[in-house]
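# let me see the structure of the following:
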Amino acid sequence: MTQDYPKTMKALVAYAPGDYRLEEVPTPQAEGDDIIIKVEGCGICGSDIKCFHGAEVYWGKDGKPGFLEGPVIPGHEFVGNIVALGPDAGKRGDFQIGDRVVAEMIAPCGECRFCKSGDYNMCQQGQIFGFKKTMNGAFAEYMRFPSKCKVHKVSPELPFEKAVLIEPFSCACHGIERGKITSDDVVVISGMGCIGLGMVGAAKRYKPKMLIGLEMNPLRIELAKKFGCDMVLNPKEVDVVEKIRELTDGYGCDVYVEVAAHPSSVLQGLDMIRNQGRFVEFSIFSQPVTADWTIISDSKELTVYGSHLAPNCYEPTLQGLTDGSVCADGVVTHVYPLEQWEEAFATAQKSEGVIKVAIKP
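Modelled structure (predicted):
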């Protein structure tokens, strides 16, 4: 089944650090069980900015390959409507032309030890939207959902400014899951950007004893309070390590979630977390971060968790955004057409008055 759509489309293509080009490229076609969508819009992730500026993790260094396989169309925080279904698409579920949908960022193999254990986000053969040649992303007019990626329907009533947050808020949900929060815990989330704000709502589900945000941006501070933080501390104005110890009888927080993507946030967390605390590292860094690992081992006996993508988190996030139990109002602050991608990327790098920037083809 196919809805009429053009044979070529506008797309932003990443060739090298700083070398992104808006081009006319062939529109993807539906084969096998493929699903083709017309992109409604796509958010700009912090990883998109780091990639554009040449972060080693994406482009490699000294002959060691990076995560990105270019040239590729970036963009993974998307939502769109189905315009074509491959002849075998029926085996993927009850999808129809016109359905509003989102796909999870990874297309896992389904056969490896991680897929079989349910940890499909860690599939080593899995392809990732916006970073791999076989999985072009959503900074384009159309995109293809290939076989094995997980597709979810999105309510047509969900406003675009919330629908475009499904991917980052799902990742936020998984990051919070990794911290194993209980009702006895004092939880600190460092960084109240898009992901951090999504984590506030996810953490509130566990009813922690106290939920504290760390942030310097006034707009983000106000939203963090509105979304459910018991308090938000500004590290520019308060000795946050001392304040957290004061609030916890000198022990430190039980759970520290690092999502500010700055080395100082890592070191600050290692300082303020209690002995045998749980440290969740979410951020992607442009370069390696140096820390005293003795704090993790002999000094505090910490448990450190990483967080990658959003396994099994899309449905609860969709439900929360749709029924309003997950706050999202005000997170998307700017929307640009695809032709203004350079201005959109520049805006996404600003702090004042900016949280999430989205592109609409």
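# Ile97: neighbour count?
Neighbouring residues of Ile97 were enumerated by other CB atoms under 10 Å; the total is 13. No exception for glycine: its C-beta is placed from N, CA and C like everyone else's.
# thought it was touching Ile82?
Yes. Counting by CB atoms under 8 Å, Ile97 does reach Ile82; the two are 5.5 Å apart.
# quick one, longest helix in this structure?
Counting residues, the longest helix found in the chain (DSSP state H) is helix 166-178.
# what's downstream of it, the next helix or strand?
Per DSSP states H and E, helix 166-178 leads on to strand 186-190 as the next helix or strand towards the C-terminus.
# now what about that next one, what contacts it?
Under the contact criterion CB atoms under 8 Å, 6 or more residues apart in numbering, strand 186-190 has outside partners 179, 181, 196, 199-200, 203, 208-214, 229, 244, 247-248, 253-260, 265, 268-269, 272-273.
# go with 7 Å
Contact with strand 186-190 is made by 181, 196, 199-200, 203, 208-214, 244, 247-248, 253-260, 265, 268-269, 272, as judged by CB atoms under 7 Å, 6 or more residues apart in numbering.
# show the buried residues in the residues you listed.
Buried by 16 or more other CB atoms under 10 Å: 181, 196, 199-200, 203, 208, 210-214, 244, 247-248, 253-260, 265, 268-269, 272, out of those.
# inside helices: which ones of those?
Among these, the members falling in helices (DSSP H) are Gly196, Met199, Val200, Ala203, Ile244, Leu247, Ser265, Gln268, Gly269, Met272.
# residues contacting the fifth one?
Put plainly, it is Ile244. For Ile244, the contact set (CB under 7 Å, 6+ apart) comprises Val188, Gly252, Cys253, Met272.
# between these, which sits nearest Pro361?
Val188 (38.4 Å; CB to CB).
# quick one: the helices in the stretch 1-150 of the chain?
46-52, 56-59, 113-117 (DSSP state H, counting those that start in this stretch).
# tell me which of these lies nearest to Val335.
Closest to Val335 of these, according to CB to CB: helix 46-52, at 15.4 Å.
# figure out how far that closest one is from the centre of its chain.
12 Å (CA atoms, centre = their mean, to the nearest Å).
# and stretch 279-288, by the same measure?
13 Å.
# what of stretch 143-156?
Taking CA atoms, centre = their mean, one finds the center of stretch 143-156 at 17 Å from the center of the full chain.
# repeat for stretch 191-210
Taking CA atoms, centre = their mean, one finds the center of stretch 191-210 at 14 Å from the center of the full chain.
# now swap in stretch 100-118 and tell me
16 Å.
# in CSV, list the helices of the stretch 1-150 of the chain along with distance to Glu23 and mean neighbour count.
Formatted as CSV, these follow (distance: least, CB to CB, whole Å; neighbours: other CB atoms under 10 Å):
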stretch, distance to Glu23, mean neighbour count
helix 46-52, 16, 21
helix 56-59, 20, 18
helix 113-117, 34, 13
